[in-house]
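# everything below, folded, please.
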Amino acid sequence: VEEMANSIIITLNCLLLPCDTALRSNLSEGSITTLKISTGETVDQLRIMIRERWPHLFEKVPPASILLWKINDTEGVTSFEKQIEVYSRGKRLNETGMPPHDLISKHFSEQPPNDKIHIYIFI
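From the prediction side, this is the model:
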């Protein structure tokens, strides 16, 4: 209960990243979506929001297969365009898996910078 008292609502920029690198050439700033969530919620709640936002993409995907990755460091890559360029070339930046039982606050205790991609989800 104490955890919830300190929770805040944050906005996360999420990128849907095709597993097939050949499909990544279609990535653009339009591939980023923003989701609002309380830091007191679990990562699983974010996963549910993602499924609800794109039912056609995830209807045949079991929840356990929807994995979220936090991008820790964009290595000096600043703009969305540049970040997307890195991913479209199949490169990976420094990321951490986000298990469903973790609280959002474990990964984001405050609002992260709005000009970064915060999370990606393989599709």
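# use CA for all of it now, contacts and neighbours both
OK.
# and the nearest residue to residue 42 once chain neighbours are set aside, how many neighbours does it have?
In space, and not counting its chain neighbours, residue 42 is closest to residue 103: 4.2 Å by C-alpha to C-alpha, 6 or more residues apart in numbering. Burial of residue 103 is recorded as 20 neighbouring residues (other C-alpha atoms under 10 Å).
# what does residue 103 show for phi and psi?
When read as degrees, to the nearest 10, the backbone of residue 103 gives phi -80, psi 150.
# report pLDDT for it.
Model confidence at residue 103, given as pLDDT, is 96.
# was I right about residue 28 contacting residue 84?
Yes - between residue 28 and residue 84 there is a contact at 6.7 Å, judged by C-alpha atoms under 8 Å.
# quick one: which of these two has more around it?
Higher neighbour count among residue 28 and residue 84: residue 84, with 23 against 15, using other C-alpha under 10 Å.
# just confirm that one is within a strand.
No - Residue 84 is assigned helix when assessed by DSSP: H, G, I helix; E, B strand; the rest coil, not a strand.
# distance of it relative to residue 64?
Plainly put, residue 84 is 26 Å away from residue 64 if you go by C-alpha to C-alpha, to the nearest Å.
# longest single helix anywhere in the chain?
The longest helix of the chain (DSSP state H) is helix 43-53.
# list the buried ones in that helix?
Residues of helix 43-53 classed as buried by neighbour count (16 or more other C-alpha atoms under 10 Å): 43, 44, 45, 46, 47, 50, 51.
# just give the nearest non-adjacent residue to the fifth one, would you?
The shortest distance from residue 47 to any residue that is not its chain neighbour, by C-alpha to C-alpha, 6+ apart, is 7.0 Å, and that residue is residue 66.
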